[in-house]
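In: pasting the sequence and the predicted model now:
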Amino acid sequence: MREFESLDGVHFFHLNNNPEVLKYTGDSAFKNIDEANKFINNYSDYKLNGYGRWAVCLKDTNEFIGWCGLKLDNYEVDLGFRFFQKYWGLGYASESAKACVEYGFSKLKIKKIIGRAYIKNKASIKVLQKCNLVFEKDFVYDGKPAVLYSIKNDKNS
Ligand SMILES: CC(C)(COP(=O)(O)OP(=O)(O)OC[C@H]1O[C@@H](n2cnc3c(N)ncnc32)[C@H](O)[C@@H]1OP(=O)(O)O)[C@@H](O)C(=O)NCCC(=O)NCCS
């Protein structure tokens with residue numbers, strides 16, 4: 001996993017260009033590669049917070065297969081992930097999300113990490129559970145039923 005870099009714009013464009021990938025995210029596709037490039041070039045979380053979402057790349061080929069990471073959002077740290085559909089079901093989200101929680105707790109000393117998902121997004125909820133996040137509450141996001149999961153850093157309470 002590594003920080004986003006300028007050349008990732010094209011990957012972001014193609015990732016978000018699949019309606020199946022965006023189905024349970026509330027995001028929209030980029031209009032074109034330029035718009036995706038702008039998003040990457042304006043991505044300021046690493047500078048502002050010292051962490052953010054990270055690119056997930058295959059170790060042997062360096063291929064960008066998606067992203068996973070932490071986002072400071074309204075005083076809460078959110079765990080999120082998104083992968084190209086051809087790489088779903090291979091354990092990459094679970095592997096990278098576990099690494100983010102571990103890094104967030106041991107290196108960044110974050111106190112609590114949350115994860116949100118639409119109830120219909122079974123795969124996403126499963127990933128949160130595999131990272132030991134536990135169900136906190138139901139809520140409605142953008143008019144649709146969703147769940148909030150969380151985990152506290154017991155080494156830093
Ligand atoms: C959600 C997402 C990141 C999961 O990625 P992934 O790499 O396929 O996840 P994993 O392979 O680590 O699988 C996680 C678990 O979910 C299970 N799972 C996968 N798809 C599932 C489905 N449709 N229904 C139920 N469980 C499912 C897997 O079997 C696995 O459980 P297991 O280890 O007990 O077998 C991926 O589907 C994705 O990118 N979706 C689009 C973006 C998105 O919705 N992001 C989350 C927004 S909240």
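Out: Perfect, I can see it now. Numbering: from 1, shown residues only.
In: alpha carbons only for contacts and neighbour counts from here, please
Out: OK.
In: show me which residues of the protein are close to the ligand?
Out: Along the chain, the residues adjacent to the ligand under the rule Cα under 6 Å from any ligand atom are 21-22, 24-25, 81-83, 88-94, 116-117, 122-124, 126-127.
In: can you do 8 Å?
Out: The chain has residues 20-25, 66, 80-85, 87-95, 115-118, 121-127, 130 near the ligand, with proximity defined as Cα under 8 Å from any ligand atom.
In: low-confidence ranges, the protein, go.
Out: With pLDDT under 70 as the threshold, the chain has low-confidence stretches at 156-157.
In: from residue 88, how far off is residue 123?
Out: Summarising the geometry, the distance separating residue 123 from residue 88, computed by Cα to Cα, to the nearest Å, is 9 Å.
In: residue 1: how many residues sit nearby?
Out: 19 (other Cα atoms under 10 Å).
In: could I get the contacting residues of it?
Out: If a contact means Cα atoms under 8 Å, 6 or more residues apart in numbering, then residue 1 has 54-57, 96 as its contacts.
In: 6 Å - rerun?
Out: For residue 1, the contacting residues are 55-56, taking Cα atoms under 6 Å, 6 or more residues apart in numbering as the criterion.
In: buried residues, the longest helix belonging to the chain. List them.
Out: Taking DSSP state H as the assignment, the helix of the chain that covers the most residues is helix 92-106. By neighbour count, and taking 16 or more other Cα atoms under 10 Å as the criterion, the buried residues in helix 92-106 are 92-94, 96-102, 104-105.
In: stretch 69-77 too?
Out: Within stretch 69-77, the residues that qualify as buried by neighbour count (16+ other Cα under 10 Å) are 69-72, 77.
In: likewise for stretch 146-157?
Out: Applying a neighbour-count criterion of 16+ other Cα under 10 Å, one finds 146-153 buried in stretch 146-157.
In: report the two of these separated the most.
Out: The most widely separated members of the buried residues of stretch 146-157 are 146 and 153, with 23.5 Å between them, by Cα to Cα.
In: what's around residue 121, how many residues?
Out: Using other Cα under 10 Å, the number of residues around residue 121 comes to 14.
In: please apply the same query to residue 107.
Out: Around residue 107 there are 9 other residues, counting by other Cα under 10 Å.
In: would you list the phi and psi of it?
Out: As for residue 107, its main-chain torsions (degrees, to the nearest 10) stand at phi -100, psi -40.
In: try residue 153
Out: Backbone geometry at residue 153, expressed as degrees, to the nearest 10, gives phi -90, psi 100.
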